[in-house]
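In: Sequence first, predicted coordinates after that:
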Amino acid sequence: MKVIIAETAGFCMGVKRAVDLAIDHSRKENETVYTYGPLIHNRQTVEMLNSRGVTELDNDSPLKKAPIIIRAHGIPLHSETKLRSKGHEIIDGTCPKVKTVHRVITKYRKLGYTIIITGDEGHAEVIGLMGYAGDRGLLVQSPSDIDSIPPTEKVCLVSQTTFDRELFDDIAARARTRFKEQQVVVKKTICSATKRRQTETKEIASMVDAMIVVGGKNSANTQRLAKISSACNTPTQHVESEKELDIDALEHCNTVGITAGASTPQWMIKRVVDYLQFMSHRKKKTLKDRVKRVLDLCAIFNIFIAAGATAAYYASCTIQRIDLPLQEFALGGVVVFFYFLSIYLVNSMTSIEITQHLGISRYQFYQSHKTMILLIAEISIALLLAASLTINLSLFYLMLFSTTLGALYHITIVPLPLRRIFKYSNLKDVPTSRDLFVALAWAILATFIPHAIRNQLVFTKSTVFVFGWIFVLAFLRSLMADLRDIEGDRIMGRETLVTIMGEKRVKKGIHRMIWACLIITVCYSAIMAITDFGKYSHGDISLLFQLPAIVYMMVFVRWHEKNHRTRSTLFNILSEAPFYIAAIGAWVTWRIN
């Protein structure tokens, strides 16, 4: 099944801004942060924000001058004034596009115009617009409503920012006819993002077998997308989550389109896409679908990650020119494979609830097979320790220490009496710890396991290069995953480098890091070739064969920027590819020498 995802699907600028404000202030405040009405029309996002201390204000709320966030839809001016008079800190999360409509209404109301507002009766944004219009505001929902408006000298027509643009044009035309002898000002205040989303929905609906619209059932703009899709005579499902999908109805579809309302987070869209493709592969019995199912299982069990770490180990041995007996070399690869397999499985299971936004198929599989997965992790740990013990005690102690440290990452290690002194009770709560610790683990083990197997630690120029090289590849891989998961990470409170510094800064940093690696590798290879000339027939040019891994990272970063919604299995395969390429480069080096 081919899935086409609308480019405009998901959070619009205004909604994203409101959610970011709520998340940022929930970190600063020790007490509850209130929102005036639902922050956005998406139940799942609101529930996650509630878990972080962001809750909707009601009449029974103990205010005590607590911070209050104005929802993205805005509120009437008199309501905001009343809150300020009580001494509350007001955090204005109103969408800038909605604020523009507020200013237009205020301007023409003062000039004596009757303000005609097109919108959905009872909608949060419309309530706010009517509040700004005061006694000069009138709400219309169809062209026929224009005829019931009393005669007036001057009319200003504005719109709810998520209103249907074609319906607005029809209403505007009727208004110009109805008040043709009077002064009519038409301000088409429908958000440009709304226009693009509606246009794209119509285009996709006309070219697919079925359409899925993801978003809150009480979201007006999402409901409108579902109506636009249905009007194209395309079977349409409007769902809030993957649980509402009618998979049987999509069984014979070759192509399915997916769009989402402005208040739908990217992680929810990904969950729907992930679940749709996962169930499609399970129901179909073709060879292609069975292969995809196997790849999904490999991703769920972190096989690609473990294989990537093993490839990094091979590259490390070759670049450092550590020549090990075949049996010990192979056992070292087994140790590396089972270490990363077990640690990633253990960490996935211990953090399953806060990572459910990363992939619903993985989440459901973990929930259904907890005992089996933990048993596999325990067996893997036993195998890697047994394999390391058969080599020597140095490797055994290194792996025992690394396994213990890796298992402790998610475990609370600060005693209860000391938690008032220490801000963080476990390693995973330390900001950016995931990115840093993961890269360090990859670099340390890939670099020094060959030394431990040889039972001799020797620092050379190649050792330094390999450590830095593996660290950078692993760090970049981690940052790419953070960019993919930023929305969910922010809502769940995970402080990664991306959530702290922001997407733009991290993306710039990634590009600069890649270019720096390219330049350093070329220069370092030149130095090595000159200094080792005579020792090797053409000098040591082995590091030049690592350049394809850097070039691949450039391509992968560009690809990811355009395909950030791709399914997790494909991302897992592609994100581990630099380590496979590094291993291939090392193998070419070995063949040449």
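Out: Here it is on my side, so go on.

In: Centroid-nearest residue for the protein?
Out: Asp485 (2.3 Å; C-alpha atoms, centre = their mean).

In: And that residue, how close does it get to Asp435?
Out: Applying C-beta to C-beta, to the nearest Å, the value for Asp485 to Asp435 is 12 Å. Placement of C-beta: from N, CA and C, glycine included.

In: and Arg52, that's in a strand?
Out: No - if the criterion is DSSP: H, G, I helix; E, B strand; the rest coil, then Arg52 is coil and not within a strand.

In: Give me the pLDDT for Pro62.
Out: At Pro62, the pLDDT value in this model is 51.

In: The residue nearest to the centre of the chain against Trp267, yeah?
Out: Yes - using C-beta atoms under 8 Å, Asp485 makes contact with Trp267 at a distance of 7.3 Å.

In: For the longest helix seen in the chain, what is the distance to the chain centroid?
Out: The longest helix of the chain (DSSP state H) is helix 503-531. Centre-to-centre, helix 503-531 and its host chain are 27 Å apart (C-alpha atoms, centre = their mean, to the nearest Å).

In: That one: what's the following helix or strand?
Out: helix 547-562 (DSSP states H and E).

In: Of all the residues in that following helix, which ones are buried?
Out: Within helix 547-562, the residues scored as buried using 16 or more other C-beta atoms under 10 Å are 547, 549-550, 552-553, 556-557, 560.

In: What angle do helix 547-562 and the next helix or strand after that helix make with each other?
Out: Counting by DSSP H and E, the next helix or strand C-terminal to helix 547-562 is helix 568-592. Here helix 568-592 runs at an angle of 170 degrees relative to helix 547-562 (axes from the mean of the first three to the mean of the last three C-alpha atoms, to 10 degrees).

In: other SSEs contacting helix 568-592?
Out: helix 287-300, helix 303-319, helix 461-484, helix 547-562 (3 or more C-beta pairs under 8 Å, 6 or more residues apart in numbering; DSSP states H and E).

In: Can you flag the weakest of those by average pLDDT?
Out: The bottom spot among the helices and strands packed on helix 568-592, by mean pLDDT, belongs to helix 287-300, with a mean of 81.

In: quick one: it to helix 303-319, angle?
Out: Put simply, helix 287-300 runs at 70 degrees to helix 303-319, going by the same axes, to 10 degrees.

In: Confidence-wise, which helix or strand of the chain is lowest on average?
Out: Ranked by mean pLDDT, DSSP states H and E, the weakest helix or strand in the chain is helix 486-492, scoring a mean of 70.

In: Pull the helix or strand just after that one out as PDB, backbone CA atoms only.
Out: Counting by DSSP H and E, the next helix or strand C-terminal to helix 486-492 is helix 497-501. Provided in PDB are the C-alpha atoms of helix 497-501 (Å, rounded to 0.1, in the frame of the first residue of the first chain):
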ATOM      1  CA  LEU A 497      19.900  19.000  22.300                       C
ATOM      2  CA  VAL A 498      17.200  19.800  19.700                       C
ATOM      3  CA  THR A 499      14.500  20.700  22.200                       C
ATOM      4  CA  ILE A 500      16.900  23.000  24.100                       C
ATOM      5  CA  MET A 501      18.700  24.700  21.200                       C
END
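
In: returning to that earlier point: for the longest helix of the chain, buried residues please.
Out: 506-507, 510, 514, 517, 520-521, 524-525, 528-529.

In: is it true that Ser238 lies in a helix?
Out: No Ser there; residue 238 is His. No - under three-state DSSP, His238 sits outside any helix and is assigned strand.

In: List the beta-bridge partners for it.
Out: Beta-bridge partners for His238, by DSSP bridges, are Val213.

In: Could you check how far it is from Thr222?
Out: In terms of C-beta to C-beta, His238 sits 7 Å off from Thr222.

In: These two: which is more packed in?
Out: Thr222 (26 against 21; other C-beta atoms under 10 Å).

In: That one: which element?
Out: Here Thr222 is assigned to helix 220-231, by DSSP H and E.

In: which helices and strands does that helix pack with?
Out: In terms of contacts (3+ C-beta pairs under 8 Å, 6+ apart), helix 220-231 is packed against helix 192-205, strand 210-214, strand 236-239, strand 255-260.

In: Kindly recompute the last result at 10 Å.
Out: helix 124-133, helix 165-178, helix 192-205, strand 210-214, strand 236-239, strand 255-260 (3 or more C-beta pairs under 10 Å, 6 or more residues apart in numbering; DSSP states H and E).

In: Out of those, flag the one nearest Ser159.
Out: For Ser159, the closest of those is helix 165-178, at 5.1 Å, according to C-beta to C-beta.

In: Just the buried residues of the closest one, please?
Out: For helix 165-178, using 16+ other C-beta under 10 Å, the buried residues are 165, 167-168, 171-172, 174-175, 178.

In: do the same with stretch 66-83
Out: If you call a residue buried by 16+ other C-beta under 10 Å, then stretch 66-83 has these buried ones: 66-76, 79-80, 83.

In: what's the answer for stretch 278-297, then?
Out: Those would be 278-281, 289, 292-293, 295-296, for stretch 278-297 by 16+ other C-beta under 10 Å.

In: Distance from the chain centre to that stretch, please.
Out: That offset, for stretch 278-297, works out to 24 Å (C-alpha atoms, centre = their mean).
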